[in-house]
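S.K.: Could you work out the structure for the sequence below:
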Amino acid sequence: MCLILAGAAWTDVSEGKIWNWWLIAGSVAGIWCRGEVFLQAALVVMIFAFLLFRMGMMGAGDGKLMAVIAGYLGMDGGLEAIFTGMLIGAFWSLCCLGHGKGLKTRLIYLSVYFMQMFRTGRTKKYCKDRVKEFQNTIPMAPCMAAGTYLYLIISGAAAMKI
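M.R.: Purely as a prediction, here's the structure:
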């Protein structure tokens, strides 16, 4: 899993996407190692990630990578690793947006998006109308990899009672 995460992070940073063959290799290895447990956890995370993808809030490869993480680590550990990765991504985003008025602009767009969604009762792509303004997004795969590595280190240390 660590090799798959490193490869996915590398391609996300260098090419702006996660190659499907990384995800397929991770899924095949996960099914081989964990069997039905892998499939159950991956499917639950995939459904949630698909909803975020359909709303335009993350890429398809990011959701598939999260499903692979949850499949390997199980539902509890997978969600902890994914949440840790999202915290790392949020921190990275805040650091990038801290310059100028980027943070204020993005928060206004997000609040308008949610107000329109609640008012109309329909969802639409989050950044469909503002594609040029959302070009500078951070790659999520390195954040997910870092979050998973951090989770593995902390849970391994806790298991050894250091």
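S.K.: any idea how far the spatially most central residue of the chain is from Ile108?
M.R.: Residue closest to the average C-alpha location in the chain (CA atoms, centre = their mean): Asp62, at 4.7 Å. Distance, Asp62 to Ile108, by CB to CB, to the nearest Å: 24 Å. Any C-beta I mention is one placed from the backbone N, CA and C, and that applies to glycine too.
S.K.: And Phe83, which helix or strand is it part of?
M.R.: helix 60-97 (DSSP states H and E).
S.K.: List the buried residues in that helix.
M.R.: Neighbour-count burial for helix 60-97 flags 60-73, 77-82, 84-86, 88-89, 92-93, 97 (criterion: 16 or more other CB atoms under 10 Å).
S.K.: do stretch 151-162 as well
M.R.: Tyr151.
S.K.: any idea how far it is from the chain center?
M.R.: The chain centre lies 23 Å from the centre of stretch 151-162; the measure is CA atoms, centre = their mean, to the nearest Å.
S.K.: Other residues contacting it?
M.R.: Cys2, Leu73, Gly77, Glu80, Ala81, Thr84 (CB atoms under 8 Å, 6 or more residues apart in numbering).
S.K.: Kindly recompute the last result at 7 Å.
M.R.: Around stretch 151-162, the neighbours that count as contacts under CB atoms under 7 Å, 6 or more residues apart in numbering are Gly77, Glu80, Ala81, Thr84.
S.K.: Three-state assignment for Ile138, please.
M.R.: Secondary structure, DSSP: H, G, I helix; E, B strand; the rest coil: Ile138 is coil.
S.K.: Flag the helix or strand of the chain with the lowest per-element mean pLDDT.
M.R.: Between all helices and strands in the chain, the lowest mean by mean pLDDT, DSSP states H and E belongs to helix 102-120, at a mean of 78.
S.K.: helix or strand right after that helix?
M.R.: Following helix 102-120 in sequence, per DSSP H and E, is helix 140-160.
S.K.: any idea of the angle that next one forms with helix 60-97?
M.R.: 90 degrees (axes from the mean of the first three to the mean of the last three CA atoms, to 10 degrees).
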